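> coords below, sequence missing:
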């Protein structure tokens, strides 16, 4: 693959990766958020596959494809199922479809978009010395991974529905994976496998937790968890 | 050879001034056809203007100079901006002064004049429209500036003709992530600035939602004709700016009659296409609630900021 085309495609994949994180902040419909998260998984897989193809390391390409299947297929499927279970239950009780939307984030959407801009700038500022060590197209895109980590943290602390907090956690993990790929130009297969299974397990546990929370309280708004119930 | 340069500037102004009502008419016609109506024809905005110009000028009691000067100021700033922005040719006698910041300031001056006129009438609607317009403008102007900055970093200058001629010679600049983000941001900003549908509905007089219409409710006769013409010219100018920045092919970079003729045809074709796309989109979109407009604009501001950072860092400019 020629150098110029590789750089362009890598930049494009990183741009899409960052853009998906921003759109997660923008949207309110949980179903839409999950769809955008799946697209981000595709972008992440594209980054890994491009790196693998550029350095002609086929194990890296395989890791990239595996990441793609997990983040663009399995995790969105699990979340969609959790969401379907929630909304179905609400409809049976006829109490509206409040569960499907992130109704009241702690920080309103316009302010959180501007915060995301600041976080991106912060990531760029912090990553400058790292980029200066060995400037290649991949390390130059490193701040994108850091920015997604920060945005993921932000989603995790400001959202109130359990499911959108799960999305924040997964954004954080996507960012960490992207940073690892871009910084080290490829993670060993065994490490990536371990991380992926961890994430999968975490999502399964969180899904069960979400269902239990909803059964106990009738909603997944985290603010209702102030008191202890038996 | 200087003659061609002056003809190019005059051509830009004439095309924008004469073509703006036609573009509006074209968009209304496309909308009408898509909604299953016959439509009033492409020349209807010109017929409206002629009708309004024949009427007696009326000024409401108690209004001051701001109200009387605003329509002329709106049209004048738009004409100057139309002369500066490279719509037909990048090589004109004024292209040395066509700085991005000047153009944005001229557009903002027109907005400000209209908002002042709305306040000057002292009616409830005028004040409400002015305050809404300023809310939108406060987020739109920095977005336009930032999204064009993303393109001016690779070009190394904020001179718009230099950016456009640079993009004609190096199309790879536009296909980068920075270019894509910038075009998305600028498109949203243009929609908001010209009062099109996700932000403002240009064909309604519903007091809960109107922004632009609320400011100009008190105008009548020739003044109203000028205000309408100004709004139509701004739409043409901003769509022209969008097309020259991101689809610069066809714009004359040298001095020749043939290139100028090609540029004229290309400009008309691009605007017709953009207008049709916009009109089609307007049929299918709903207007965003007023309280969500800042969200939309903050999003487009963020896109513009990401475009600037991407063009600065990813291309290795540092």
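Sure thing, it's come through. Because the structure is predicted, anything quoted here is derived from the model rather than measured.

> below-threshold pLDDT in chain A: ranges please.
Scanning chain A with the threshold set as pLDDT under 70 gives A:1-2, A:89-100, A:102-103, A:185-186, A:219-220, A:222-230.

> in it, which residue sits closest to chain B?
residue A:15 (3.0 Å; C-beta to the nearest C-beta). (C-beta placed from N, C-alpha, C; glycine too.)

> near chain B, which residues of chain A show up?
By the rule C-beta under 8 Å from any C-beta of the partner chain, the part of chain A lying against chain B is A:4, A:8, A:11-12, A:14-16, A:18-19, A:22, A:26, A:108-111, A:113-114, A:116-117, A:120-121, A:124, A:131, A:135, A:137, A:140-141, A:143.

> are any of the residues you listed buried, and if so which?
Buried by 16 or more other C-beta atoms under 10 Å in any protein chain shown: A:8, A:11-12, A:14-16, A:18-19, A:22, A:26, A:109-110, A:113-114, A:116-117, A:120-121, A:124, A:131, A:137, A:140-141, A:143, out of the residues of chain A next to chain B.

> which of the residues you listed fall in helices?
The helices, defined by DSSP state H, take in A:8, A:11-12, A:14-16, A:18-19, A:22, A:26, A:109-110, A:113-114, A:116-117, A:120-121, A:124, A:131, A:137, A:140, A:143 from these.

> secondary structure element holding residue A:106?
Residue A:106 is part of no helix or strand, with elements assigned from DSSP states H and E.

> now it, nearest residue through space, not along the chain?
Excluding the flanking residues, the one nearest residue A:106 by C-beta to C-beta, 6 or more residues apart in numbering or on different chains is residue A:158, at 4.5 Å.

> what residues of the strand or helix carrying residue A:174 count as buried?
Element membership of residue A:174, judged by DSSP H and E, is helix A:162-184. Neighbour-count burial for helix A:162-184 flags A:162-183 (criterion: 16+ other C-beta under 10 Å).

> following it, which helix or strand comes up?
helix A:189-217.

> residue of the stretch 51-200 of chain B closest to chain A, please.
Closest point on the stretch 51-200 of chain B to chain A, by C-beta to the nearest C-beta, is residue B:177, at 3.0 Å.

> mind listing what the residue nearest to that residue when sequence neighbours are not counted touches?
Sequence neighbours aside, residue A:15 is the residue nearest to residue B:177 in space, at 3.0 Å (criterion: C-beta to C-beta, 6+ apart). Taking C-beta atoms under 8 Å, 6 or more residues apart in numbering or on different chains as the criterion, residue A:15 is in contact with A:144, B:177, B:178, B:180, B:181, B:306, B:310, B:314.

> show me the two of these that sit farthest apart.
Greatest spatial distance in the contacts of residue A:15: A:144 and B:180, 14.6 Å, computed using C-beta to C-beta.

> between the two, tell me which one has more neighbours.
residue A:144 (34 against 19; other C-beta atoms under 10 Å in any protein chain shown).

> still on that earlier bit, among the contacts of residue A:15, which one sits closest to residue B:153?
Nearest to residue B:153 among the contacts of residue A:15: residue B:178, at 8.0 Å, using C-beta to C-beta.

> now whichever strand or helix holds the closest one, how far from the centre of its chain.
Using DSSP H and E, residue B:178 sits in helix B:177-193. Its chain's average C-alpha position is 13 Å from that of helix B:177-193, according to C-alpha atoms, centre = their mean, to the nearest Å.

> which other helices and strands does that helix contact?
With contacts taken as 3 or more C-beta pairs under 8 Å, 6 or more residues apart in numbering or on different chains; DSSP states H and E, helix B:177-193 sits against helix A:3-26, helix B:124-155, helix B:221-246, helix B:293-313.

> report the distance from stretch B:119-133 to the chain centre.
Worked out by C-alpha atoms, centre = their mean, stretch B:119-133 lies 22 Å from the chain centre.

> residues contacting that stretch, please?
Counting by C-beta under 8 Å, 6+ apart, B:60, B:62-64, B:66-67, B:70, B:111, B:114-118, B:207, B:210-218, B:290 sit against stretch B:119-133.

> list the contacts of the residue nearest to residue B:245 when sequence neighbours are not counted.
Nearest non-adjacent residue to residue B:245, counting by C-beta to C-beta, 6+ apart: residue B:151, 6.2 Å away. By C-beta under 8 Å, 6+ apart, the residues touching residue B:151 are B:163, B:167, B:173, B:174, B:178, B:179, B:182, B:245, B:311.

> if we use 7 Å, what do you get?
B:163, B:179, B:182, B:245 (C-beta atoms under 7 Å, 6 or more residues apart in numbering or on different chains).

> contacts only, for the second one.
So that's residue B:179. B:151, B:173.

> switch the cut-off to 8 Å
B:150, B:151, B:173, B:246, B:307, B:311.

> could you do the third one as well?
In this structure, residue B:182 makes contact with B:147, B:148, B:150, B:151, B:246, B:303, B:304, B:307, B:311, judged by C-beta under 8 Å, 6+ apart.

> residues contacting the last one?
In this case it means residue B:311. Per C-beta under 8 Å, 6+ apart, neighbours of residue B:311: B:150, B:151, B:153, B:154, B:176, B:178, B:179, B:182, B:317.

> am I right that residue A:104 is in a strand?
No. Secondary structure assignment places residue A:104 outside any strand; it is coil (DSSP: H, G, I helix; E, B strand; the rest coil).

> if I look at the closest residue to it other than its chain neighbours, how far off is residue A:30?
With sequence-adjacent residues excluded and distances taken as C-beta to C-beta, 6+ apart, residue A:104 is closest to residue A:160, at 6.3 Å. Separation of residue A:160 from residue A:30 (C-beta to C-beta, to the nearest Å): 12 Å.

> who has more neighbours, those two?
residue A:30 (22 against 17).

> right, and that one touches residue A:82 too?
No. Proximity of residue A:30 to residue A:82 does not meet the contact threshold set by C-beta atoms under 8 Å, at 9.7 Å.

> overlap in contacts of these two?
With C-beta under 8 Å, 6+ apart as the test, residue A:30 and residue A:82 both reach residue A:163.

> can you pull up the most central residue in chain A?
By C-alpha atoms, centre = their mean, chain A has its centre lying nearest to residue A:171, at 2.1 Å.

> residues contacting it?
A:21, A:24, A:37, A:40, A:148, A:151, A:152, A:155.

> recalculate using a threshold of 6 Å.
Residues near residue A:171 by C-beta atoms under 6 Å, 6 or more residues apart in numbering or on different chains: A:21, A:152, A:155.
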